[in-house]
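[1] Predicted model and sequence below, questions to follow.
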Amino acid sequence: MKKNIFTYIILGSLTCMGMSSCSNNLELSPISNYSDAVYWKTADQFDSFVVGLHARFRTHERSFLFLGELRSGTFGNDPGTTASFTGEASQGIERMWQHNLDMDNPGVSNFGGLYDQINQLNLLISKLNISTVLSEDSKNYYLGIAHGMRAFYYFQLYRSWGDAVIQTDAIDKIDVSNLAKEASPAAEVLKLIKSDIESSNAGFGTDYSIRQARSFWSKGATLMLQAEVYLWSAHREGGKQDATIAKNALTDIKSNLSLGLQPDFKNVFDVKSNGNNEMILGIRHKLNEASLGFISDFVPNANILVNFYDSLSNRSFSVTQDNYGGILRVPTRINTYRNYHDLDERKNSSIQAAYSKDDVGNYKIAGCFLYKYQGEQNAGSRAYSNDFPIYRYADLLLLMAEAKVILGESPKEEINQVRARAFGSHYQESIFGYPNQIIDKDPVEAILNERKLEFLAEGKYWYDLRRFGDKYVFAHTGLSSQEAYKLLWPIDRKSLTNNRALKQTAGYPQF
């Protein structure tokens, strides 16, 4: 059976522009499509394919963010408003934070396109298992990547739709909407995820290297995923046993990787510090190579923004300085901005507040937009070349705090490391440290709030609420227990039409 992999060779070659260890000798045959007859014959071809997988990984960051955060209450129109503060239309995206999705307005269609990557990972795994052209170390390293990344993709599907079509054999082109294959129960999907994590850890063995400016999947990424997955089950049937597995995975990372918090929060995302030692895995972007794929929906058009003011700088916004180049379809809620303490450096490093100003100079907040990813100015325009974090050290600390709470231990050490960085020179443990804030009376709420403040626009908070349990989703998002079916996403009409073996997510109108 032929498999068209030409796209991935091209993607791999382009991505090599920013990766010094890529080979220039791809031995490409002069044909437009590559099949098993001419591929998988050299180590360079495997190398190029793996680079291409990471380029493809980058194309899914929009799905990762939408699935992981847009229903969490951090983004959207503030109560009482129907449009973003600049008057720019949300064009249906608002259905995600309003929780009124259906098969014709699913928020994310075709399962976010995630199955395309799953099929390429299936192909790589199958070829690695029979290859004789790779060294044993390279073969195992790539198996670690493939199984870890496949587990990550299925974890997105599991947390978003519950039941999911399981496909582990490589086929010519996977389109789940045309697969004529029913979804497997969520429990089976979770079983596959845990099995892939085990295979990934076995493949990596003692290789903890983080390659290509921390943009390649690594054992550290697999262990972070393992912690997330086992904390999910720990909050359900797994209890302390699964929390212990999560804690051990996080301890393994700390023992074998040189990681730390960046001294200043804003430096984590500065393009000048892409690939910094807080990153465990980031999606790589680079000037003139690739930019953040979702950012234009989260920042405003400069020509409209000039009607508002930056109160901190006591200035009106300008086209030349504030050339964000977007159309604000996803405003950041004012309540999200106000949830930060004024001395918390994450507040104005993550969010830009925009104000109107009256005739006597009084400012009134009009709205907010995402400020975390500033990119860089280039030839009079703004290029969003920030890396997008998947896993970073602050995440490790707060996952460790979560595991400790389940195990009846104190999360003080980990929470306070994050808070100390957030408050910088203003930090006083007796005021801001755990357990001295009012919210700290409930350690679960303390951790959830810290994750909300720390990981805005990193695609985590909806998944965090879901992981801790349904009652936390109901308490923080406006959903009610009578709408529990909305914890999962609906399947779009096209997928249901083309794959008649699929069934609509329970609770939504059936197809």
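    Sure, I can see it. Since the structure is predicted, the reported quantities are computational estimates derived from the model, not experimental observations.

[2] Which parts of the stretch 201-350 of the chain are helices?
    Per DSSP state H, counting those that start in this stretch, the stretch 201-350 of the chain carries helices over the ranges 219-233, 239-256, 302-305, 334-338, 346-350.

[3] from those helices, which stretch is densest packed?
    helix 219-233 (a mean of 25; mean count of other Cβ atoms under 10 Å). C-betas here are computed from N, CA, C, even on glycine.

[4] for the record, mean pLDDT for it?
    For helix 219-233, mean pLDDT is 98.

[5] got the contact list for it?
    Around helix 219-233, the neighbours that count as contacts under Cβ atoms under 8 Å, 6 or more residues apart in numbering are 144, 147-148, 151-152, 155, 159, 190, 193-194, 197, 200-201, 204, 207-208, 210, 238, 242-243, 245-247, 249-250, 252-253, 256-257, 280-281, 390-391, 395-396, 399, 402-403, 406, 467.

[6] What of stretch 271-282?
    Under Cβ under 8 Å, 6+ apart, the answer for stretch 271-282 is 210, 213-215, 217-218, 220-221, 224, 253, 257-262, 267-268, 284-287, 374-376, 385-396.

[7] Tell me which of the helices of the stretch 201-350 of the chain lies nearest to D163.
    Proximity to D163, assessed across the helices of the stretch 201-350 of the chain by Cβ to Cβ, is greatest for helix 219-233 (15.9 Å).

[8] Domains in the chain, by residue range?
    When the chain is parsed with automatic domain parsing, its domains come out as 211-284+387-471, 295-374.

[9] What's the end-to-end length of the shortest one?
    Using Cα to Cα, to the nearest Å, the end-to-end distance of domain 295-374 comes to 10 Å.

[10] how many neighbours does the residue lying closest to R284 once chain neighbours are set aside have?
    Spatial nearest neighbour of R284, chain neighbours left out: S215 (3.6 Å); criterion: Cβ to Cβ, 6 or more residues apart in numbering. Counted with other Cβ atoms under 10 Å, the neighbours of S215 add up to 28.

[11] correct me, but S215 touches K286?
    No: at 9.9 Å, S215 and K286 do not qualify as touching, with contact defined as Cβ atoms under 8 Å.

[12] residue ranges of the strands in this protein, please?
    279-283, 309-310, 315-316, 351-357, 363-370, 376-378, 381-383, 388-392 (DSSP state E).

[13] Of all those, which one comes closest to N416?
    strand 388-392 (17.6 Å).

[14] Off-centre distance for the closest one?
    With Cα atoms, centre = their mean, to the nearest Å as the basis, strand 388-392 stands 7 Å off its chain's centre.

[15] ditto for stretch 413-432
    Counting by Cα atoms, centre = their mean, stretch 413-432 comes out at 25 Å from the chain centroid.

[16] what comes into contact with that stretch?
    Outside stretch 413-432, the residues touching it (Cβ under 8 Å, 6+ apart) are 261-265, 341, 343-346, 394, 397-398, 400-401, 404, 433-434, 436, 446-447, 450, 453-454.

[17] Show me which positions of that stretch end up buried.
    414-419, 421-423, 427, 432 (16 or more other Cβ atoms under 10 Å).

[18] hmm, which of the contacts of helix 219-233 are the buried ones?
    The buried subset of these - by 16+ other Cβ under 10 Å - is 144, 147-148, 151-152, 155, 159, 190, 193-194, 197, 200-201, 204, 208, 210, 238, 242-243, 245-247, 249-250, 252-253, 257, 280-281, 390-391, 395-396, 399, 402-403, 406, 467.

[19] how far away is the residue lying farthest from the centre of the chain from F85?
    Using Cα atoms, centre = their mean, the residue of the chain lying farthest from its centre is V360. It sits 43.8 Å away. Using Cβ to Cβ, to the nearest Å, V360 is found at 22 Å from F85.

[20] contacting residues for K194?
    Per Cβ under 8 Å, 6+ apart, neighbours of K194: 151, 229.

[21] any idea how far it lies from L225?
    10 Å.

[22] sorry, back to before: of the contacts of stretch 271-282, grab the buried ones for ChimeraX.
    In ChimeraX, this line selects whichever of the contacts of stretch 271-282 come out buried by 16+ other Cβ under 10 Å:
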select :210,213,214,215,217,218,220,221,224,253,257,259,261,262,268,284,285,286,374,375,385,386,387,388,389,390,391,392,393,394,395,396
